[in-house]
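K.L.:
What follows is a predicted structure for the sequence shown.
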Amino acid sequence: MTRPVVAVTIGKNHYQRMMSEAAWSALASFAEVIEHPGGEPADKAALIALLLPPADACITSWGVARLDGDVLAAAPRLKAMAHMGGSVKRFVSDELWARGIRVTSAGVRLAIDVAETTLGLMIVGMKRVWPLGEHIRAGGWRESPWWPARELVNKQVGIIGASHVGRHVIKLLEAFRVTVLLYDPFVSEEEAQTLGVVKLELDDLLRRADIVSLHVPAKPDTIHMLDAERLALMKDDALLINTARGVLIDEPALVAELEKGRFFAFLDVTDPEPPAADSPLRRLENVVITPHSAGCIEDCTSMGELAVEELRRFFAGEPAIYQIRPDMFGRIG
């Protein structure tokens, strides 16, 4: 039986970060492999001329060109796409869906990294590690408005969005004695009970939560979901964490609230990204910005291993671990 041909399109400069030896070995066990000869992700010309004409499947990631009609016209054998990264939206096309190509995402593994970072920010945020550290650097000790440090125990943690990240944060929080509040219009009361959370409307969550953590995709109905009115609902001394998308928060409104000194924010994402050089977010003492680093940065090989496993399953006639379908696009970013 002829072995399937799989095109790896991510560029050789990204192999160490994305593909472990185990992934390469597993891929070679069931497929013939075509590698993009360039260092960076394949552009449209490379997909058309070099990689996809003989391919039965492809592995994609950040930076690879979109599989549009032109690309697919040059790829008559293509039957499956395994994506390593967050959203697949910008990589797929109507022509791809029309062809019935199976699309899978390894973003479920990326979600674990983001969730673990989020939990870390919750802990150091409640303990006020950043402002207390800066205070001590300036010569102080406990005579600080940020003292006493606090703990997670007995706090109310507001999770906005039961995405893969949001659900893993909820799972991680099971180790702590907290009450998890959830806003997600797609989650029923029955499912909320299964998750062990209290389902609330967004405004009620913002009023009650000691910690507010964003885990929803950027869509027309979520842009600036935290506007001036909703940010004003947050408790004094609350902690706001955004590891999702910068556009979820109205940043001028956020700056206005932060300038009051009411609460503290950790922002791994901003709008625009990076923030302007003169942005108030760069100077305020009650906000910390990180450079979109909540997900895997140095080692994303768990996504490569999952992408390979998805293709093994496809060619073995087995169900996908996480398949993306066009009817899911109303819920994902």
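P.N.:
Okay, I see it.
K.L.:
neighbours around the residue lying closest to A49 once chain neighbours are set aside, how many?
P.N.:
Computed as CB to CB, 6 or more residues apart in numbering, the closest residue to A49 that is not its neighbour in sequence is A74, at 7.8 Å. The way it works is simple: take the backbone N, C-alpha and C, and place the C-beta from them, glycine included. Here the count is done by other CB atoms under 10 Å, and A74 has 16 residues near it.
K.L.:
Then R283?
P.N.:
8.
K.L.:
Mind pulling up the pLDDT for A65?
P.N.:
Per-residue confidence at A65 stands at 97 (pLDDT).
K.L.:
And the helices in this structure, which stretches?
P.N.:
Remark: helices assigned in the chain by DSSP state H are 15-18, 21-30, 44-46, 69-73, 94-99, 107-126, 129-137, 164-172, 189-195, 202-208, 228-231, 251-259, 301-315.
K.L.:
a markdown table for the ones you listed, including mean neighbour count, mean pLDDT and distance to K79?
P.N.:
Output for the helices of the chain, formatted as a markdown table (neighbours: other CB atoms under 10 Å; pLDDT from 0 to 100; distance: least, CB to CB, whole Å):
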| stretch | mean neighbour count | mean pLDDT | distance to K79 |
| --- | --- | --- | --- |
| helix 15-18 | 18 | 97 | 22 |
| helix 21-30 | 14 | 98 | 14 |
| helix 44-46 | 15 | 96 | 20 |
| helix 69-73 | 16 | 97 | 11 |
| helix 94-99 | 14 | 95 | 8 |
| helix 107-126 | 21 | 96 | 21 |
| helix 129-137 | 15 | 94 | 49 |
| helix 164-172 | 22 | 97 | 25 |
| helix 189-195 | 13 | 97 | 33 |
| helix 202-208 | 18 | 98 | 41 |
| helix 228-231 | 16 | 98 | 45 |
| helix 251-259 | 17 | 97 | 43 |
| helix 301-315 | 23 | 98 | 7 |
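K.L.:
contacting residues around R137?
P.N.:
Neighbour list for R137: empty [criterion: CB atoms under 8 Å, 6 or more residues apart in numbering].
K.L.:
And the chain, what are its domain boundaries?
P.N.:
5-105+299-328, 110-289 (automatic domain parsing).
K.L.:
Of all the helices of the chain, which one is nearest N286?
P.N.:
Ranking those by their distance to N286 (criterion: CB to CB) puts helix 251-259 first, at 5.6 Å.
K.L.:
how many neighbours does L173 have?
P.N.:
Other residues close to L173 by other CB under 10 Å number 24.
K.L.:
Quick check: it vs E191, distance?
P.N.:
Distance of L173 to E191, computed by CB to CB, to the nearest Å: 17 Å.
K.L.:
rewinding a little: quick check, pLDDT for the residue nearest to A49.
P.N.:
The predicted local confidence for A74 is 97.
K.L.:
Surely it touches L52?
P.N.:
Yes. Contact status for A74 versus L52: in contact at 6.0 Å, counting by CB atoms under 8 Å.
K.L.:
sorry, back to before: the helices of the chain: which one's closest to D268?
P.N.:
Of all these, helix 107-126 sits nearest to D268, with 7.3 Å by CB to CB.
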